[in-house]
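Asks: need coordinates for the following:
(2 chains)
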Amino acid sequence: MTDSVAPVAVSLSHITRTFGKVTALDDFTLDLAPGELVALLGPSGCGKTTALRALAGLEGVDSGTLVVGGRDVTRLPANRRDMAMVFQSYSLFPHLTVAGNIEFALGLRKVPARGRTEAVNHNLELVGLGGHGDRYPHQLSGGQQQRVALARALAVRPQVLLLDEPLSALDAKVRVQLRDEIRRIQTEVGITTLFVTHDQEEALVVADRVGVMQAGRLVQVGEPREIYSRPATPFVADFIGTTNALGAEAADGVAHLLGQRVPLLPGSPTGSVFVLIRPESITLRPAPDGPGTVVTTGFMGATSRVTVQLPDGTLVRVQQAGAAPTDLVPGERVALELAAIPALARPTAATAPEEAAPAA
Amino acid sequence: MRRGGAWFRRVVLGLALVYFLVPLASLADFSVRFPLTGKVDGAAWVALFGGGEADRLSLLREGLTNSLIMAVMAVVISLGLLLPTMMLVRLRLPRMIKVVEFVCLLPLTIPAVVLVVGLAPVYLVISTKILDSNTIWLAFAYVILCLPYVYRALDSGLRAIDLKTLSETARSFGASWPTVLLRVIVPNVRSALVSSVFVTLAVVLGEFTFARMLARTNLQTALFEINLSDGQIAAAVSLLVLGGTIVLMVTLDLVVALQERRIRPSTRSDVS
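Replies: A predicted model of the protein is given here:
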């Protein structure tokens, strides 16, 4: 790539930010390796957007430091931080054409006029909108507008690219398409990127690492597979993907339930617990004397989903590849086979996953 | 029903036209008809354009010049004051929006006569200690008079755009606050700016009470003076001023409409 910039490391250290009585960021620490794409994921109000805006300089911080490429930018105003942002809402300047929008940004970054046209065309090609330079924003669809916003952000060759839920205003199909494209372009350009989203699938697909946030704190950071298969806390297990909380007796790192043994992840409590089991870790088998009763079945294309009721009334969601499970009929008795994948458990006393303390 | 509706609309339009045009026609008639004899002659118009009434017309020229200067000053001051303030309040102090609105709309509720009584001592200080007794300093008072209208126009303009996202985007690309204001916000609230200019022009060119009570000469007080001695010239000048203002506003409107059309062509192509 001719226009790639040397990727820089970004470090947010012990950032705290409060709004009145609300603590939006609580001792938030995150490091991004050069060229890495990290997704911040969490429910709304968890502070993920505040973290991004603090890095952009659009939000001040109460304490902590922000270092970009070895330079402390904590006290620098937004317009001197050499970053570019794509917002959730459409942020193209309505009075300028597509090309005008990109040129305006390049002008703000003092790019010489000679190189601007070339940069405009190159970046529009990059996002698949070559030849759209003379359109006005209102002539573009939402997806196209976000592509232009991305092209504009990339054109100024920022040290850091900030994406604040750029896909959430788009419809499902465009969202998936643009999501994959953001990843392709980011890999191609090699720019350090912070991506904020509340969509777990988006985060898992796009990011090198995912940071899960809860109430202003970073609960777990790791590669998508690690986050999914080895959640650090019940909150993470619950927020990423779907989990079934099944009652069990835990001892010596093993949980006993439904007459089977499931290994537990380190840090799981012992005694009476809920084991958090993924829907795809359960296989169903028709068995007249089985403990489960089929409640509903649903065909989802590549997979099928079945809801099974246990004798104690617990509803268990099961997901399997193919259409075979939909042969089961509601009311049919089934046996549940649990895969021997290490699972996380939480004490039964904990009322809600949110209130469980993060595991060490 | 539909036919009835069209008929109703025409009647309303006709009544409105009569309401607006009859006084204008009467004014035109009065400017060319000698009141006592009813004889038609163009003496007032000849005096205006022939330069026969130099003394009286110099007063008028002074009044018109003052009013135009004050109109420009009022436009510059009110926009320069209000637009950045309203932007700042919306972005940084949203809780103050109601307070700013209240302050800006306050002049609507205070009669001009009451305002001028309050302003008289202020202008005494301005004319003796700070500036001088030149009429154009009345522009400051006119800014207050225009405040409610300018506020309303800008408010609707700013509501129509995503001020926060646009300014944050520009900021993140490296724009300073003046750049955000002049190159991002102003072009997107252009029609609001134009309507504030319109209303400011109209208020300042038509203002009489302040100037009269503070003994200054503006267009309306000059017209009043002339009217005392020669009603026909006053009528002719009123017509001219009205025509001039209309031409000015229509021109402004056309210029803006042309620019808007360039930005927002009517063809839309929504493709994904």
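
Asks: contacts for stretch B:65-81?
Replies: With CB atoms under 8 Å, 6 or more residues apart in numbering or on different chains as the test, stretch B:65-81 has contacts from B:135-136, B:138-140, B:142-143, B:146-147, B:150, B:154, B:193, B:196-197, B:200-201, B:203-205, B:207, B:216-220. (C-beta placed from N, C-alpha, C; glycine too.)

Asks: got it, and stretch A:27-38?
Replies: Counting by CB under 8 Å, 6+ apart, A:6-16, A:40, A:47, A:51, A:64, A:160, A:183, A:186, A:190-195, A:206-211, A:216-218, A:221 sit against stretch A:27-38.

Asks: again, 7 Å this time
Replies: With contact meaning CB atoms under 7 Å, 6 or more residues apart in numbering or on different chains, stretch A:27-38 is reached by A:7-16, A:51, A:186, A:190-195, A:206-209, A:211, A:216-218, A:221.

Asks: which among those end up buried?
Replies: A:7-12, A:15-16, A:51, A:186, A:191-195, A:206-209, A:211, A:216-218, A:221 (16 or more other CB atoms under 10 Å in any protein chain shown).

Asks: phi and psi next, for residue 214.
Replies: With no chain named, the answer covers chain A. phi -150, psi 120 (degrees, to the nearest 10).

Asks: my bad, chain B
Replies: The phi/psi pair for B:Leu214 (degrees, to the nearest 10) is phi -100, psi 10.

Asks: and the helices in the stretch 151-272 of chain B?
Replies: B:163-172, B:177-179, B:186-188, B:190-205, B:209-213, B:219-229, B:231-263 (DSSP state H, counting those that start in this stretch).

Asks: which strands or helices does the longest one pack on?
Replies: Counting by 3 or more CB pairs under 7 Å, 6 or more residues apart in numbering or on different chains; DSSP states H and E, the packing neighbours recorded for helix B:231-263 are helix B:2-32, helix B:43-50, helix B:190-205, helix B:219-229.

Asks: just the buried residues of it, please?
Replies: So helix B:231-263, judged by 16+ other CB under 10 Å, has buried residues B:232-239, B:241, B:245, B:256, B:263.

Asks: now tabulate those residues in TSV and tack on pLDDT.
Replies: Below are those laid out as TSV (pLDDT from 0 to 100):
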residue	pLDDT
B:Gln232	83
B:Ile233	83
B:Ala234	83
B:Ala235	87
B:Ala236	86
B:Val237	84
B:Ser238	85
B:Leu239	88
B:Val241	83
B:Thr245	83
B:Val256	77
B:Ile263	60
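
Asks: chain A: which of those is nearest?
Replies: Nearest to chain A among the buried residues of helix B:231-263, counting by CB to the nearest CB, is B:Ile263 at 5.5 Å.

Asks: so the spatially most central residue of chain A, which state does it fall into?
Replies: Note on chain A: the residue nearest the mean C-alpha position is A:Ala203, at 2.7 Å, using CA atoms, centre = their mean. Put simply, A:Ala203 is helix when judged by DSSP: H, G, I helix; E, B strand; the rest coil.

Asks: with adjacent residues omitted, what lies nearest to it?
Replies: Nearest residue to A:Ala203 in three dimensions, chain neighbours excluded: A:Ala39, at 3.8 Å (CB to CB, 6 or more residues apart in numbering or on different chains).

Asks: likewise for A:Gly211?
Replies: Per CB to CB, 6+ apart, closest to A:Gly211 is A:Val221, 4.4 Å.

Asks: wait, a strand at that neighbour?
Replies: Yes - A:Val221: assigned to a strand according to three-state DSSP.

Asks: against A:Asp208, how distant is it?
Replies: Note on A:Val221: its distance to A:Asp208, by CB to CB, to the nearest Å, is 11 Å.

Asks: for the stretch 151-300 of chain A, what lies in contact range of chain B?
Replies: A:156, A:174 (CB under 7 Å from any CB of the partner chain).

Asks: all helices of the stretch 151-300 of chain A, in order?
Replies: Using DSSP H, counting those that start in this stretch, helices in the stretch 151-300 of chain A cover A:172-189, A:200-206, A:224-229, A:234-239.

Asks: output those helices in a markdown table, with mean pLDDT appended to each entry.
Replies: Shown next, in a markdown table, are the helices of the stretch 151-300 of chain A (pLDDT from 0 to 100):
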| stretch | mean pLDDT |
| --- | --- |
| helix A:172-189 | 88 |
| helix A:200-206 | 90 |
| helix A:224-229 | 89 |
| helix A:234-239 | 86 |
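
Asks: could you identify which of the ones you listed is most buried?
Replies: Among those, ranked by average contacts under mean count of other CB atoms under 10 Å in any protein chain shown, first place goes to helix A:234-239 (a mean of 25).

Asks: okay, it in CSV with CA atoms only?
Replies: The C-alpha coordinates for helix A:234-239 follow below in CSV (Å, rounded to 0.1, in the frame of the first residue of the first chain):
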residue,chain,number,x,y,z
PRO,A,234,-20.4,-14.8,34.1
PHE,A,235,-21.2,-11.4,32.7
VAL,A,236,-18.9,-12.0,29.8
ALA,A,237,-20.3,-15.5,29.2
ASP,A,238,-23.8,-14.1,29.3
PHE,A,239,-23.1,-11.0,27.1
